[in-house]
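my questions are about this predicted structure, shown below with the sequence.
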Amino acid sequence: MLRSFKVDKVHANIVPESTLFKTLKYLDKKKIETPFLLIDKEKVKEKSLMIGSHIMNSKVFYAVKANPDIEILRFLDKLKLGFEISSEGELEVLSKLRIKPERIISSNPVKSLKFLKMAASYGVKFFSYDSPEEVDKLVKIIPRCNVYVRLSVPNEGSEWPLSKKFGVELEDALSLLFYAKDKGLNPSGITFHVGSQCTNIYNWNIALDKARALWDLAEKKKIRLKLLNIGGGYPIRYTKNVITVETIEKNVNSLIYDRFPKDIEVHIEPGRAVVGDAGVLVTSLIGKAKRGDEDWLYIDVGVFNGLMESVGGIKYSYIVECNKQSKHKKLWTIAGPSCDSFDVIDRNVTLPEPDVNNLILILSSGAYTVSYASEFNGFSIPKTILI
Ligand SMILES: *Cc1c(COP(=O)(O)O)cnc(C)c1O
(Lines give C-alpha, C1' and ligand atoms only; values in the text may rest on other atoms or scores of the structure.)
Protein backbone atom coordinates (compact mmCIF):
# COMPACT_ATOMS: atom_id res chain seq x y z
CA MET A 1 0.00 0.00 0.00
CA LEU A 2 1.32 3.40 -0.90
CA ARG A 3 0.84 5.92 1.80
CA SER A 4 0.26 9.57 1.18
CA PHE A 5 1.66 12.26 3.40
CA LYS A 6 1.06 15.94 3.54
CA VAL A 7 4.62 17.23 3.09
CA ASP A 8 5.02 21.00 3.19
CA LYS A 9 7.89 23.14 1.98
CA VAL A 10 8.66 23.97 5.59
CA HIS A 11 9.39 20.30 6.25
CA ALA A 12 12.07 20.21 3.60
CA ASN A 13 13.68 23.08 5.44
CA ILE A 14 13.79 21.08 8.68
CA VAL A 15 15.24 17.83 7.38
CA PRO A 16 16.88 17.30 4.02
CA GLU A 17 14.75 16.01 1.18
CA SER A 18 16.94 12.93 0.94
CA THR A 19 16.09 11.96 4.54
CA LEU A 20 12.39 12.47 3.89
CA PHE A 21 12.57 10.51 0.68
CA LYS A 22 14.33 7.59 2.36
CA THR A 23 11.81 7.65 5.21
CA LEU A 24 8.78 7.58 2.92
CA LYS A 25 10.32 4.83 0.82
CA TYR A 26 10.94 2.76 3.95
CA LEU A 27 7.36 3.27 5.10
CA ASP A 28 6.01 2.16 1.73
CA LYS A 29 7.68 -1.20 1.72
CA LYS A 30 7.48 -2.22 5.37
CA LYS A 31 4.68 -3.69 7.36
CA ILE A 32 4.56 -1.21 10.11
CA GLU A 33 4.20 -1.60 13.80
CA THR A 34 4.78 1.72 15.48
CA PRO A 35 6.49 3.34 17.24
CA PHE A 36 10.03 3.30 15.90
CA LEU A 37 12.84 5.74 15.20
CA LEU A 38 14.46 5.86 11.77
CA ILE A 39 17.99 7.22 11.60
CA ASP A 40 19.37 8.34 8.23
CA LYS A 41 22.96 7.08 8.18
CA GLU A 42 23.98 9.41 5.38
CA LYS A 43 22.89 12.42 7.39
CA VAL A 44 24.77 11.18 10.48
CA LYS A 45 27.85 10.71 8.34
CA GLU A 46 27.58 14.14 6.80
CA LYS A 47 27.22 15.81 10.21
CA SER A 48 30.00 13.75 11.77
CA LEU A 49 32.46 14.67 9.06
CA MET A 50 31.45 18.33 9.11
CA ILE A 51 31.56 18.87 12.88
CA GLY A 52 35.05 19.91 13.95
CA SER A 53 36.18 20.54 10.39
CA HIS A 54 36.27 24.32 10.95
CA ILE A 55 38.21 24.21 14.23
CA MET A 56 41.95 23.70 14.12
CA ASN A 57 43.54 20.87 16.13
CA SER A 58 40.15 19.58 17.16
CA LYS A 59 38.86 16.13 18.01
CA VAL A 60 35.20 15.19 18.17
CA PHE A 61 33.80 13.05 21.01
CA TYR A 62 30.16 12.07 20.48
CA ALA A 63 28.11 12.54 23.67
CA VAL A 64 26.73 9.02 23.92
CA LYS A 65 23.73 10.01 26.04
CA ALA A 66 22.09 11.70 23.03
CA ASN A 67 21.44 8.28 21.50
CA PRO A 68 23.35 5.22 22.75
CA ASP A 69 21.96 2.78 20.18
CA ILE A 70 24.73 0.28 19.51
CA GLU A 71 24.36 0.41 15.73
CA ILE A 72 24.72 4.19 15.79
CA LEU A 73 27.83 3.84 17.96
CA ARG A 74 29.24 1.21 15.60
CA PHE A 75 28.65 3.55 12.69
CA LEU A 76 30.31 6.50 14.46
CA ASP A 77 33.23 4.25 15.37
CA LYS A 78 33.78 3.54 11.68
CA LEU A 79 33.74 7.29 11.06
CA LYS A 80 36.56 7.56 13.64
CA LEU A 81 34.71 9.71 16.15
CA GLY A 82 35.63 9.63 19.83
CA PHE A 83 33.06 9.15 22.59
CA GLU A 84 32.08 11.12 25.68
CA ILE A 85 30.51 9.03 28.46
CA SER A 86 29.31 9.29 32.05
CA SER A 87 28.36 5.87 33.28
CA GLU A 88 29.25 2.21 33.46
CA GLY A 89 26.33 1.46 31.13
CA GLU A 90 27.74 3.71 28.43
CA LEU A 91 31.23 2.29 28.89
CA GLU A 92 29.89 -1.23 28.65
CA VAL A 93 28.40 -0.60 25.21
CA LEU A 94 31.67 0.94 24.01
CA SER A 95 33.61 -2.02 25.38
CA LYS A 96 31.40 -4.38 23.37
CA LEU A 97 32.53 -2.48 20.29
CA ARG A 98 36.17 -2.65 21.48
CA ILE A 99 36.59 1.10 21.27
CA LYS A 100 40.14 2.02 22.31
CA PRO A 101 40.32 3.87 25.65
CA GLU A 102 42.26 6.72 24.01
CA ARG A 103 39.07 7.55 22.13
CA ILE A 104 36.96 7.87 25.27
CA ILE A 105 36.63 10.82 27.67
CA SER A 106 34.26 11.53 30.53
CA SER A 107 33.04 15.08 31.03
CA ASN A 108 30.45 14.57 33.70
CA PRO A 109 31.99 16.48 36.63
CA VAL A 110 30.50 14.11 39.21
CA LYS A 111 31.10 10.42 38.57
CA SER A 112 30.24 7.35 40.63
CA LEU A 113 32.93 5.18 42.18
CA LYS A 114 31.59 2.21 40.30
CA PHE A 115 32.01 3.99 36.99
CA LEU A 116 35.48 5.27 37.88
CA LYS A 117 36.68 1.78 38.77
CA MET A 118 35.42 0.43 35.49
CA ALA A 119 36.95 3.38 33.59
CA ALA A 120 40.25 2.76 35.38
CA SER A 121 40.42 -0.86 34.36
CA TYR A 122 39.40 -0.01 30.81
CA GLY A 123 42.12 2.65 30.55
CA VAL A 124 40.14 5.88 30.19
CA LYS A 125 42.40 8.81 31.11
CA PHE A 126 40.51 12.09 30.61
CA PHE A 127 37.98 13.36 33.15
CA SER A 128 36.31 16.64 33.96
CA TYR A 129 35.73 17.82 37.52
CA ASP A 130 34.48 20.81 39.47
CA SER A 131 35.02 19.89 43.11
CA PRO A 132 37.84 18.76 45.42
CA GLU A 133 35.79 15.66 46.28
CA GLU A 134 36.04 14.53 42.67
CA VAL A 135 39.82 14.93 42.76
CA ASP A 136 39.99 12.84 45.93
CA LYS A 137 38.05 10.04 44.25
CA LEU A 138 40.18 10.19 41.09
CA VAL A 139 43.45 10.14 43.04
CA LYS A 140 42.45 6.90 44.72
CA ILE A 141 41.17 5.15 41.63
CA ILE A 142 43.03 6.61 38.64
CA PRO A 143 46.18 8.33 39.98
CA ARG A 144 47.95 10.60 37.47
CA CYS A 145 44.95 10.83 35.12
CA ASN A 146 44.30 13.99 33.10
CA VAL A 147 41.66 16.32 34.45
CA TYR A 148 40.00 19.41 33.02
CA VAL A 149 38.04 21.80 35.19
CA ARG A 150 34.45 22.76 34.37
CA LEU A 151 33.77 26.49 34.32
CA SER A 152 30.26 27.78 34.76
CA VAL A 153 29.16 29.85 31.78
CA PRO A 154 25.89 31.54 30.83
CA ASN A 155 23.25 29.28 29.25
CA GLU A 156 20.92 32.05 28.08
CA GLY A 157 19.60 31.37 24.63
CA SER A 158 19.99 27.63 24.89
CA GLU A 159 16.72 25.76 24.91
CA TRP A 160 17.90 23.12 27.34
CA PRO A 161 20.07 24.96 29.92
CA LEU A 162 22.39 22.99 32.19
CA SER A 163 24.69 25.51 33.79
CA LYS A 164 23.39 25.71 37.34
CA LYS A 165 24.03 22.05 37.98
CA PHE A 166 27.74 22.08 37.14
CA GLY A 167 30.69 24.42 36.85
CA VAL A 168 32.63 26.81 39.06
CA GLU A 169 33.70 30.44 38.82
CA LEU A 170 37.24 31.55 37.93
CA GLU A 171 38.79 31.70 41.41
CA ASP A 172 37.46 28.31 42.41
CA ALA A 173 38.50 26.83 39.07
CA LEU A 174 42.05 28.09 39.63
CA SER A 175 42.17 26.59 43.12
CA LEU A 176 40.88 23.32 41.74
CA LEU A 177 43.63 23.19 39.12
CA PHE A 178 46.15 23.59 41.95
CA TYR A 179 44.39 21.07 44.10
CA ALA A 180 44.54 18.47 41.33
CA LYS A 181 48.21 19.19 40.73
CA ASP A 182 49.06 18.91 44.43
CA LYS A 183 47.37 15.54 44.53
CA GLY A 184 49.40 14.21 41.63
CA LEU A 185 46.81 14.43 38.88
CA ASN A 186 47.61 16.17 35.60
CA PRO A 187 45.53 19.36 35.34
CA SER A 188 45.42 19.52 31.56
CA GLY A 189 42.70 21.94 30.63
CA ILE A 190 39.36 23.66 30.86
CA THR A 191 35.84 22.76 29.81
CA PHE A 192 32.41 24.39 29.77
CA HIS A 193 28.98 23.69 28.33
CA VAL A 194 26.97 26.54 26.81
CA GLY A 195 23.68 24.62 27.21
CA SER A 196 22.07 22.19 24.84
CA GLN A 197 20.36 23.38 21.64
CA CYS A 198 22.23 26.67 22.03
CA THR A 199 21.15 29.12 19.35
CA ASN A 200 22.97 32.09 20.84
CA ILE A 201 26.46 32.46 19.39
CA TYR A 202 27.49 34.89 22.16
CA ASN A 203 27.39 32.07 24.71
CA TRP A 204 30.53 30.66 23.09
CA ASN A 205 32.17 34.10 23.07
CA ILE A 206 31.51 34.64 26.77
CA ALA A 207 32.63 31.10 27.60
CA LEU A 208 35.85 31.44 25.62
CA ASP A 209 36.61 34.80 27.30
CA LYS A 210 36.24 33.18 30.67
CA ALA A 211 38.32 30.17 29.68
CA ARG A 212 41.02 32.50 28.39
CA ALA A 213 41.06 34.39 31.71
CA LEU A 214 41.50 31.14 33.61
CA TRP A 215 44.17 29.95 31.17
CA ASP A 216 46.18 33.14 31.92
CA LEU A 217 45.73 32.90 35.67
CA ALA A 218 46.95 29.31 35.57
CA GLU A 219 49.93 30.17 33.38
CA LYS A 220 51.01 32.96 35.72
CA LYS A 221 51.08 30.39 38.49
CA LYS A 222 53.08 27.93 36.39
CA ILE A 223 50.32 25.56 35.41
CA ARG A 224 50.62 25.07 31.67
CA LEU A 225 47.36 23.89 30.21
CA LYS A 226 47.01 22.38 26.76
CA LEU A 227 43.42 21.24 26.37
CA LEU A 228 40.32 23.30 25.71
CA ASN A 229 37.13 21.25 25.74
CA ILE A 230 34.24 23.33 24.38
CA GLY A 231 31.50 20.85 25.33
CA GLY A 232 28.39 20.34 23.24
CA GLY A 233 25.41 22.55 22.49
CA TYR A 234 25.39 22.80 18.69
CA PRO A 235 21.75 23.29 17.68
CA ILE A 236 19.60 21.60 15.05
CA ARG A 237 16.43 22.69 13.25
CA TYR A 238 13.18 21.63 14.90
CA THR A 239 10.58 24.12 13.70
CA LYS A 240 12.71 27.00 12.52
CA ASN A 241 16.11 27.91 11.17
CA VAL A 242 18.95 28.12 13.64
CA ILE A 243 22.52 29.35 13.46
CA THR A 244 24.60 26.77 11.60
CA VAL A 245 27.37 24.66 13.09
CA GLU A 246 29.69 26.06 10.44
CA THR A 247 29.04 29.64 11.58
CA ILE A 248 29.53 28.71 15.24
CA GLU A 249 32.74 26.83 14.54
CA LYS A 250 34.26 29.56 12.37
CA ASN A 251 33.58 32.04 15.14
CA VAL A 252 34.95 29.72 17.82
CA ASN A 253 38.01 28.94 15.73
CA SER A 254 38.92 32.57 15.19
CA LEU A 255 38.50 33.34 18.89
CA ILE A 256 40.71 30.40 19.83
CA TYR A 257 43.27 31.35 17.20
CA ASP A 258 43.42 34.95 18.48
CA ARG A 259 43.53 34.22 22.17
CA PHE A 260 45.02 30.83 22.92
CA PRO A 261 48.43 29.27 22.29
CA LYS A 262 48.83 27.82 18.82
CA ASP A 263 49.54 24.28 20.01
CA ILE A 264 46.31 23.99 21.97
CA GLU A 265 44.20 20.86 21.54
CA VAL A 266 40.45 21.37 21.22
CA HIS A 267 37.84 18.77 22.18
CA ILE A 268 34.24 19.07 20.98
CA GLU A 269 31.41 16.96 22.44
CA PRO A 270 28.34 17.20 20.23
CA GLY A 271 25.39 14.95 20.92
CA ARG A 272 22.24 16.48 19.51
CA ALA A 273 23.92 17.80 16.36
CA VAL A 274 25.26 14.37 15.37
CA VAL A 275 22.04 12.36 15.44
CA GLY A 276 19.15 14.75 16.15
CA ASP A 277 18.26 15.89 12.66
CA ALA A 278 18.98 12.47 11.16
CA GLY A 279 16.06 10.98 13.12
CA VAL A 280 12.38 10.62 12.26
CA LEU A 281 10.05 9.09 14.85
CA VAL A 282 7.28 7.10 13.23
CA THR A 283 4.17 7.09 15.39
CA SER A 284 0.51 6.22 14.93
CA LEU A 285 -2.57 8.22 15.72
CA ILE A 286 -4.36 6.12 18.32
CA GLY A 287 -7.27 8.43 19.02
CA LYS A 288 -8.92 11.80 18.57
CA ALA A 289 -11.20 13.89 20.76
CA LYS A 290 -12.83 17.27 21.03
CA ARG A 291 -12.66 18.66 24.56
CA GLY A 292 -14.33 22.04 24.92
CA ASP A 293 -12.75 24.22 22.26
CA GLU A 294 -9.70 22.02 21.92
CA ASP A 295 -9.11 19.33 19.32
CA TRP A 296 -6.86 16.57 20.58
CA LEU A 297 -4.70 14.02 18.81
CA TYR A 298 -3.35 11.05 20.78
CA ILE A 299 -0.27 9.32 19.41
CA ASP A 300 1.67 6.25 20.55
CA VAL A 301 4.77 8.20 21.61
CA GLY A 302 4.48 10.70 24.41
CA VAL A 303 6.43 12.47 27.11
CA PHE A 304 7.35 9.22 28.84
CA ASN A 305 8.34 6.95 25.95
CA GLY A 306 10.32 9.37 23.80
CA LEU A 307 9.25 12.99 23.79
CA MET A 308 10.49 14.03 27.22
CA GLU A 309 12.15 17.14 25.84
CA SER A 310 8.78 18.58 24.86
CA VAL A 311 8.28 19.28 28.56
CA GLY A 312 11.38 21.50 28.55
CA GLY A 313 10.12 23.47 25.57
CA ILE A 314 11.44 21.61 22.55
CA LYS A 315 8.80 21.85 19.79
CA TYR A 316 8.80 19.39 16.92
CA SER A 317 7.62 19.48 13.31
CA TYR A 318 5.10 16.84 12.23
CA ILE A 319 4.15 15.24 8.95
CA VAL A 320 0.79 13.52 8.93
CA GLU A 321 -0.52 10.79 6.71
CA CYS A 322 -3.81 11.77 5.06
CA ASN A 323 -6.10 9.40 3.25
CA LYS A 324 -8.84 11.82 2.34
CA GLN A 325 -8.11 14.92 0.36
CA SER A 326 -8.12 16.78 3.65
CA LYS A 327 -6.15 19.87 2.82
CA HIS A 328 -8.00 21.74 5.52
CA LYS A 329 -5.78 22.48 8.51
CA LYS A 330 -6.77 22.81 12.14
CA LEU A 331 -5.16 23.66 15.45
CA TRP A 332 -4.40 20.59 17.54
CA THR A 333 -3.26 19.65 21.00
CA ILE A 334 -0.98 16.64 20.68
CA ALA A 335 -0.76 14.15 23.54
CA GLY A 336 0.95 10.85 24.27
CA PRO A 337 -0.76 7.52 24.99
CA SER A 338 -0.42 7.28 28.78
CA CYS A 339 -3.10 8.06 31.38
CA ASP A 340 -0.98 10.80 32.93
CA SER A 341 -2.15 14.37 32.39
CA PHE A 342 1.50 15.42 32.21
CA ASP A 343 1.73 13.50 28.94
CA VAL A 344 0.95 16.43 26.60
CA ILE A 345 3.50 17.06 23.88
CA ASP A 346 2.42 20.30 22.27
CA ARG A 347 -0.47 22.73 21.88
CA ASN A 348 -1.68 24.88 19.00
CA VAL A 349 -0.03 22.83 16.29
CA THR A 350 -1.39 23.49 12.81
CA LEU A 351 -1.90 20.23 10.91
CA PRO A 352 -4.28 18.68 8.40
CA GLU A 353 -6.69 16.20 9.98
CA PRO A 354 -5.43 12.61 10.13
CA ASP A 355 -7.58 9.51 10.73
CA VAL A 356 -7.09 7.08 13.58
CA ASN A 357 -4.33 4.59 12.64
CA ASN A 358 -2.67 7.03 10.29
CA LEU A 359 1.03 7.58 10.73
CA ILE A 360 2.44 10.78 12.18
CA LEU A 361 6.13 11.49 11.58
CA ILE A 362 8.07 13.57 14.06
CA LEU A 363 11.09 15.27 12.53
CA SER A 364 14.50 15.93 14.08
CA SER A 365 13.85 13.40 16.81
CA GLY A 366 17.07 11.38 16.76
CA ALA A 367 18.56 12.81 19.97
CA TYR A 368 17.33 12.78 23.56
CA THR A 369 14.21 10.83 22.67
CA VAL A 370 14.65 7.06 23.01
CA SER A 371 17.56 7.62 25.41
CA TYR A 372 15.14 9.35 27.79
CA ALA A 373 12.30 6.91 27.34
CA SER A 374 10.67 4.66 29.92
CA GLU A 375 7.98 2.02 29.57
CA PHE A 376 5.70 3.87 31.94
CA ASN A 377 2.14 2.60 31.77
CA GLY A 378 3.25 -0.27 29.52
CA PHE A 379 3.88 1.74 26.36
CA SER A 380 6.89 0.52 24.45
CA ILE A 381 10.06 2.46 23.77
CA PRO A 382 10.54 3.06 20.03
CA LYS A 383 13.28 0.88 18.60
CA THR A 384 15.98 2.49 16.51
CA ILE A 385 16.44 1.47 12.88
CA LEU A 386 19.27 2.77 10.70
CA ILE A 387 18.34 3.42 7.09
C1 LIG B 1 25.10 16.35 27.21
C2 LIG B 1 26.50 16.78 27.11
C3 LIG B 1 27.06 17.02 25.86
C4 LIG B 1 26.26 17.00 24.57
O5 LIG B 1 25.46 18.12 24.48
P6 LIG B 1 24.62 18.43 23.14
O7 LIG B 1 23.88 19.65 23.50
O8 LIG B 1 23.76 17.27 22.88
O9 LIG B 1 25.59 18.67 22.06
C10 LIG B 1 28.40 17.31 25.81
N11 LIG B 1 29.15 17.38 26.93
C12 LIG B 1 28.63 17.16 28.15
C13 LIG B 1 29.51 17.25 29.33
C14 LIG B 1 27.30 16.87 28.28
O15 LIG B 1 26.78 16.68 29.50
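Structure received. Keep in mind that this is a model prediction, so the values were computed, not measured. Numbers count the residues shown, from 1 in each chain.

please report how far Cys34 lies from Phe304.
You called it Cys, but residue 34 is Thr. Using CB to CB, to the nearest Å, we find Thr34 at a distance of 16 Å from Phe304. (Each C-beta comes from the backbone N, C-alpha and C, glycine too.)

ok, the two, which is more surrounded?
Phe304 (22 against 18; other CB atoms under 10 Å).

would you map the helices across this structure?
Per DSSP state H, the chain carries helices over the ranges 9-14, 17-29, 41-50, 70-78, 88-96, 113-122, 132-141, 170-182, 202-220, 245-259, 272-275.

hey, which of those is tucked in deepest?
Most buried of the helices of the chain, by mean neighbour count (mean count of other CB atoms under 10 Å): helix 272-275, with a mean of 28.

grab the nearest non-local neighbour of Ile141.
Excluding its sequence neighbours, the residue lying closest to Ile141 (CB to CB, 6 or more residues apart in numbering) is Leu116, at 4.6 Å.

hmm, Val60 and Ser48 touching each other?
Yes. Between Ser48 and Val60 there is a contact under CB atoms under 8 Å: 7.2 Å.

so which bits of the stretch 101-250 of the chain are right by the ligand?
Ser107, His193, Ser196, Gly231, Gly232, Gly233, Tyr234 (CB under 6 Å from any ligand atom).

report pLDDT for the fifth one.
When you say that, I think you mean Gly232. Model confidence at Gly232, given as pLDDT, is 97.

which residues are in contact with the closest residue in space to it that isn't next to it in sequence?
Leaving aside its chain neighbours, Gly232 sits nearest to Glu269 (4.6 Å; criterion: CB to CB, 6+ apart). Contact analysis of Glu269 by CB atoms under 8 Å, 6 or more residues apart in numbering lists Val60, Phe61, Tyr62, Ala63, Glu84, Ile105, Ser107, Asn229, Ile230, Gly231, Gly232.

in contact with the residue of the stretch 101-250 of the chain found nearest the ligand, which residues are there?
Residue of the stretch 101-250 of the chain nearest the ligand, by CB to the nearest ligand atom: Gly232 (2.4 Å). Counting by CB under 8 Å, 6+ apart, Gly232 touches Ala63, His193, Ser196, Ile268, Glu269, Pro270, Gly271, Arg272, Ala273.

distance of the second one from Asn358?
Read it as His193. For His193 relative to Asn358 (CB to CB), the value is 39 Å.

those two - which one has more neighbours?
Neighbours were counted for His193 and for Asn358 using other CB under 10 Å; His193 has more, 30 against 19.

quick check: closest non-adjacent residue to that one.
Per CB to CB, 6+ apart, closest to His193 is Gly231, 3.7 Å.
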